[in-house]
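>>> could you look at this predicted model? Sequence included:
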Amino acid sequence: MKIQVCTWKSCKSRFSEYILKRVASDIEKFNLENVSVETCPCLWDCKIWPNAIIDGKKENYCDPIKVSRMMIEKVKQRKNSKQN
């Protein structure tokens, strides 16, 4: 799973860098494999920022907790689907 967080002017002003730090911390804390986090160019939804792409889907109005929860939920869903 790839998580991309916009760090351009509008999103950065709404602390998108903290989203990056939180997600990176959670990946390490929960020892999540096959999950990466990186910056991305502007996603052109500057009125509904900060923006991120989580597993290929654009999300708006992001914050560190929201993105972290979404990431963990997707990891759980993948783990459950592999067990079935």
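Received, thanks. Numbering: from 1, shown residues only.
>>> hmm, His11 is touching Ile48, no?
Actually, residue 11 is Cys rather than His. No: with contact defined as C-beta atoms under 8 Å, Cys11 and Ile48 do not form a contacting pair (10.2 Å). The C-beta positions use only the backbone N, C-alpha and C, and glycine is treated the same way.
>>> who has more neighbours out of the two?
When neighbours are counted by other C-beta atoms under 10 Å, Cys11 comes out ahead of the other of Cys11 and Ile48, with 24 against 13.
>>> so what's that one closest to, chain neighbours aside?
Excluding its sequence neighbours, the residue lying closest to Cys11 (C-beta to C-beta, 6 or more residues apart in numbering) is Pro50, at 4.0 Å.
>>> cool, and Arg78?
With sequence-adjacent residues excluded and distances taken as C-beta to C-beta, 6+ apart, Arg78 is closest to Met1, at 7.6 Å.
>>> how many neighbours does Glu38 have?
Counted with other C-beta under 10 Å, residues neighbouring Glu38 total 13.
>>> that's all I had, so thanks and see you.
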